[in-house]
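J.: how does the following fold in three dimensions:
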Amino acid sequence: METRELRYYVAVAEELHFGRAAQRLGIAQPPLSRAIRQLERRLAATLLERTSRAVTLTEAGAVLLREARAALDAIEAAERRTRRAAGAATGAPDVVLATKAGASSELLAKLLDAYAAEPDAVAVDLLLCGIGEQERMLRDGRADVALLHLPFDATAGFDTEELRTEGQVVVLPAGHPLGRHDQVRTAEVAALSDLPMPRWPDRDGSYPEGPGPQARNHAQLLQLIALGRACWIAPESCRAQLRTDLLTVPVVDAPQVTTVIAWPPHSRSRAVAGLVRAAARI
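T.: So this is what the prediction gives:
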């Protein structure tokens, strides 16, 4: 299969509409339809069920969508890392670290200070991203190393070093009645119908169904909570960065969160190795 075919298929499988997919790709619809039919013939599999009203994925089509996304991510990662390596050979090298905006600034500061003490330390470019985005940035090559949070982020295919494990708290608007409790359980948080959990965008930018408000970044989330529109369960280290119009209560039965530093196992970057050594010292 060619990269072009995979891009065409992913567009159709995500849009579930040939016209919208063609518009997204910037091509006419007939050649797109022909390309998908040729791909199905080559694979001897029906990937899409087409009717006059809808396009749906078959089981084989769902498998190819998952595998095609992974393959395209790998190609993009290879391109980005190759360009960055070429740039480093002709100029000052650097290392790109992806971390969730709103994650513990204390831990990040300790990591950067420890790395700065390395004899061959280089500049660290920080990519502050939304919830769950740092894993994708590491996989597609936009980042050389990332801080991930278990059990929420997937670490399959990465090498990792554990940095910290902590409990979780629920973040509520100041003055909320639950703020008088020493601790709560997840069932009590789920029962707050007036403060639903926020909804975060999926990979394609769409939001899952649900009662919670849409949130795209950390600043939006905190504003929604302060306005009494949502609540949030987060690692307890978030307390250090919260505004005065918010409060937290420990959630005793929420899973513990382990922060790890993660990097591709095939990395030969001295800067990445230095960051990992620094992480082991904090």
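
J.: got any ranges where the stretch 101-250 of the chain has weak pLDDT?
T.: In the predicted model of the stretch 101-250 of the chain, residues 203-204 satisfy pLDDT under 70.

J.: top helix in the protein by residue count?
T.: helix 59-90 (DSSP state H).

J.: quick check: next helix or strand after that one?
T.: strand 94-100 (DSSP states H and E).

J.: distance check, the residue of the chain most remote from its centre against A101.
T.: Distance from the C-alpha centroid of the chain, by Cα atoms, centre = their mean, peaks at S52 (35.8 Å). S52 sits 45 Å away from A101, going by Cβ to Cβ, to the nearest Å. (C-beta placed from N, C-alpha, C; glycine too.)

J.: still on that earlier bit, look at the residue farthest from the centre of the chain and give its secondary structure.
T.: coil (DSSP: H, G, I helix; E, B strand; the rest coil).

J.: what about the strands in the stretch 101-250 of the chain?
T.: Applying DSSP state E, counting those that start in this stretch to the stretch 101-250 of the chain gives strands spanning 123-129, 145-150, 159-166, 168-173, 232-235, 246-251.

J.: A273: which of those strands is closest?
T.: strand 145-150 (9.8 Å; Cβ to Cβ).

J.: which other helices and strands does the closest one contact?
T.: Helices and strands touching strand 145-150, as assessed by 3 or more Cβ pairs under 8 Å, 6 or more residues apart in numbering; DSSP states H and E, comprise strand 94-100, helix 105-116, helix 133-139, strand 257-263, helix 270-281.

J.: dump those into CSV; add distance to D182 and mean neighbour count as well.
T.: Shown next, in CSV, are those (distance: least, Cβ to Cβ, whole Å; neighbours: other Cβ atoms under 10 Å):
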stretch, distance to D182, mean neighbour count
strand 94-100, 28, 23
helix 105-116, 24, 16
helix 133-139, 33, 23
strand 257-263, 20, 22
helix 270-281, 33, 18
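
J.: quickly list what the nearest residue to A103 once chain neighbours are set aside is bridged to.
T.: Nearest in space to A103, with sequence neighbours left out and distances taken as Cβ to Cβ, 6 or more residues apart in numbering, is L147 at 6.4 Å. Beta-bridge pairing of L147 under DSSP bridges involves I261.

J.: count of neighbours near L147?
T.: When counting by other Cβ atoms under 10 Å, one arrives at 23 neighbours for L147.

J.: hang on, isn't it packed against S105?
T.: No. Checked against Cβ atoms under 8 Å, the pair L147 and S105 is beyond contact range at 11.5 Å.
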